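Asker: show me how the following folds:
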Amino acid sequence: MTLIESLMKDMKAAMKAQDKETLTTIRSLKAAVMYYKIKQGHELTPEDELTVLASAIKMRKESLEEFKKGGREDLVEQTEHELAIIAKYMPKQLSETELEQVIIETISDVGASGKQDFGKVMKVLMPKIKGKADGKLASEILKKKLS
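Answerer: Just a heads-up that it's a prediction; the model follows:
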């Protein structure tokens, strides 16, 4: 089942349940997917779908930080709920230990020896973890491993 099909099925369920928050989130996701599809000019691959989902999660995490700084608990709660809904469509996330293992393997594959090889490792690492782990966390772990 494609992401659009899954979103449509869940959107119908949310309509029947009269769950307005879930419905709004799913509609915004569907709109983002459709926009990306039009922008690409072809049917989306699973990798494209992950890109859209990752973008939606990143956007909401950034908003969440700002809402917390501003003391907007109502918006914090709403955004956390949206993140939980979007997370259902993402593949299983790697734990920090699993991510660290993938990073160690990638460092070995690339033959990296120091900080100067950071870019080379990230270039190989990011396609491996796309949609499965946070790039920011991967970057932090990689910096520690290369220093």
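Asker: what's near enough to touch the closest residue to T79 other than its chain neighbours?
Answerer: Nearest residue to T79, sequence neighbours excluded (Cβ to Cβ, 6 or more residues apart in numbering): L64, at 4.7 Å. Backbone N, C-alpha and C define where each C-beta goes, glycine included. Residues in contact with L64, defined by Cβ atoms under 8 Å, 6 or more residues apart in numbering, are V76, T79, E80, L83.
Asker: list the buried residues of the strand or helix carrying L64.
Answerer: Using DSSP states H and E, L64 maps to helix 46-69. When neighbours are counted by 16 or more other Cβ atoms under 10 Å, the buried residues of helix 46-69 are found to be 48-54, 56-57, 60, 63-64, 67.
Asker: residues contacting stretch 132-143, please?
Answerer: Residues outside stretch 132-143 that contact it (Cβ under 8 Å, 6+ apart) are 91-94, 96, 99-100, 102-103, 107, 115, 118, 121-122, 125-126, 129.
Asker: please redo it, this time with the cut-off set to 6 Å
Answerer: Where contact means Cβ atoms under 6 Å, 6 or more residues apart in numbering, the residues beyond stretch 132-143 that reach it are P91, L94, L99, E100, I103, V121, I129.
Asker: try stretch 77-85
Answerer: With Cβ under 6 Å, 6+ apart as the test, stretch 77-85 has contacts from E21, T22, T25, R60, S63, L64.
Asker: a markdown table for the residues you listed, including pLDDT and distance to L137?
Answerer: As requested, those are exported to a markdown table (pLDDT from 0 to 100; distance: Cβ to Cβ, whole Å):
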| residue | pLDDT | distance to L137 |
| --- | --- | --- |
| E21 | 91 | 27 |
| T22 | 92 | 27 |
| T25 | 93 | 24 |
| R60 | 92 | 16 |
| S63 | 93 | 19 |
| L64 | 92 | 16 |
